[in-house]
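J.: Below are the sequence and a predicted model; questions follow.
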Amino acid sequence: NWIDSFNFLTEGDICTWNKIVRIESLVDPTELIYGERGVYCEGEPYEMLLSLTDIGLVGTLPWELSLLSSASNFTMNYNDLGGTLPSALGQLTALRKLDLSNNKLEGTIPVEFSQLTSLEELNLDANNLSGKLPTQIGGMKAMQELSLFMNLFSGSLPSELGQLSMLRYLDLAGNDLIGTIPLQFQMLSKLETLDLSFNGFKGYISEFLGGLTALQVLLLSDNAFSWLSPSALGRLTALRELSAYSNSFTESIPTELGLLTSLAHLALYDNYYSGTLPTQLGRMTMITNLDVDNNLLTGSLPTVLGSLKDLEKIHVVNNKFSGTIPAELGHCTSLRELFASSNLLTGTIPTEFGQLEKVSLLALLDNKLTGTLPTHLGSMNALYSLDLSNNQVTGSIPTEFGELTSMGTFIVQGNKLQGTIPSELGKWTSLDRIEVQDNQLTGTLPSELGQCTELEVLNARDNQLTGTLPSELFELDSLEIDVTNNNLYGTIPKE
């Protein structure tokens, strides 16, 4: 009951139509916090703020909202409001913020919204709005933040967006927009975040991009862009994040990336880049995430990557990299993930990897690696998943691996490993999968594996194992075991 709960439509001053409510925290839904809901007034003469976030509103937006002529802030996000945007809202010329995100609104953006010349922030994220973006949007000269993420907008971008000279944040991700980026975007000199991902844009991103010198976040993923001007990219020296995965970029990765010394996140995976990984990337001293998976890159992995002390993730999967794995990567002491699977890498696994005490995920499968498993890997205390399958690694599984007590997935299938399976692996109490099939392992299955109470998959087929199946393994209720093509005997109990 709005009258009882919020004093709405009572004879009292409109500035008293409010209350303090307990709501779920948007950061932690399990936490209840106190929030102000209703109409609030500030200043003299007063400015009116309408805050109705996440209170279960249903129905449509009434045109009578336009009668609140003093309103400077309308926030009605995270509700179940439907219907269309009332064109009468364009009469609220004092409005500086309008947030109707996370509702079920439909229809188009009314052209009358262009009359909101004081509006600084418009957030219509996560609705069902559709149609073309109105060209009149260029008249909203005070706009600083425009967010239309996850709607059904279609058509091309109006060039008039370039007239929003105060714009700092523009999010158009997750729509059905097509075409190219208008050259007029070069006038958005204050723009700090541009998100065009998950649309149908195509073509070139040309020299105009170099005019966006304040840009810190550039998100272009999941489109059909085919070219990104290297010289323009090199002028974006404030850039901290560049995400351009799942496009149609070809040619080589621009060496100009080395000029972006503030860049922390670089995601170029799922494209058609060829050539080598530029050594100039070694100048990106702030980089934490590097992902170039699923391209056509060749040559060796640059040794300069070892100088990037803040690097946490390296993903170079499914390219044509060759040569050895640089020992210098052992100097990346902040590294947590290294994925270099499905390449043409040769040589041995560097013993220097033993210095990578924070790495939890290491995947080098489907290469041509040789040599033995370095005992030094037993010092990688955080290692949770190790996948070296389908290489040409020889020697035995080091007993030192028993010290990897965080191990959850251990896969070394399809190598040339010999010797026994160390009983020390029974220390892996978090282990859920071990795959050592298609090797030349001998001896018995250690009964200590029965101590791995989380174990669900044990595959040791196609080896030279002997002896009986340890009864301890049959006490693991969820275990799937495959030991075919060995010299083991005993009966696996049926469920």
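T.: Cool, got the structure.
J.: Neighbours of Ile421, how many?
T.: As a burial measure, Ile421 scores 23 neighbours (other C-beta atoms under 10 Å). Placement of C-beta: from N, CA and C, glycine included.
J.: wait, what's in contact with it?
T.: Counting by C-beta atoms under 8 Å, 6 or more residues apart in numbering, Ile421 makes contact with Ile397, Val436, Leu441, Gly443, Leu445, Pro446, Leu449, Ala460, Leu465.
J.: if you set the cut-off to 10 Å instead, what comes out?
T.: Listed by C-beta atoms under 10 Å, 6 or more residues apart in numbering, the contact set of Ile421 reads 396-397, 434, 436, 439, 441-446, 448-449, 460, 463, 465.
J.: Quick check: closest non-adjacent residue to Thr298.
T.: Lys320 (4.7 Å; C-beta to C-beta, 6 or more residues apart in numbering).
J.: Kindly list the main-chain dihedrals of that neighbour?
T.: The phi and psi values for Lys320, taken as degrees, to the nearest 10, are phi -130, psi 40.
J.: so who does it touch?
T.: Ser274, Asn295, Leu296, Leu297, Thr298, Gly299, Ser342, Asn343, Leu344.
J.: same deal with Val393?
T.: Here Val393 is in contact with 348-349, 364, 367, 369-373, 412, 414-417, 439 (C-beta under 10 Å, 6+ apart).
J.: Among those residues, name the buried ones.
T.: Of the members of those, the ones counted as buried by neighbours, 16 or more other C-beta atoms under 10 Å, are Ile349, Leu364, Asn367, Leu369, Gly371, Leu373, Val412, Gly414, Asn415, Leu417, Asn439.
J.: Now, those that are in strands?
T.: Among these, DSSP state E puts none in strands.
J.: and of the contacts of Val393, the nearest to Thr453?
T.: The closest of those to Thr453 turns out to be Val412 (C-beta to C-beta; 21.9 Å).
J.: Spatially, what comes nearest to the closest one if we skip its sequence neighbours?
T.: Leaving aside its chain neighbours, Val412 sits nearest to Leu388 (5.0 Å; criterion: C-beta to C-beta, 6+ apart).
J.: and what of Gly82?
T.: Leaving aside its chain neighbours, Gly82 sits nearest to Lys104 (4.5 Å; criterion: C-beta to C-beta, 6+ apart).
J.: Just confirm the one you found contacts Leu124, I think it does.
T.: No: look at Lys104 against Leu124 with C-beta atoms under 10 Å: they stay out of range, at 11.8 Å.
J.: Which residue of the two possesses the greater neighbour count?
T.: In this view Lys104 and Leu124 are compared by other C-beta under 10 Å, and Leu124 has more residues nearby, 23 against 13.
J.: quick one: contacts for the more buried one?
T.: 77, 85, 98-103, 105, 109, 146-151, 153.
J.: Mind checking which of those are buried?
T.: Buried among the contacts of Leu124 (16+ other C-beta under 10 Å): 77, 85, 98-103, 105, 109, 146-151, 153.
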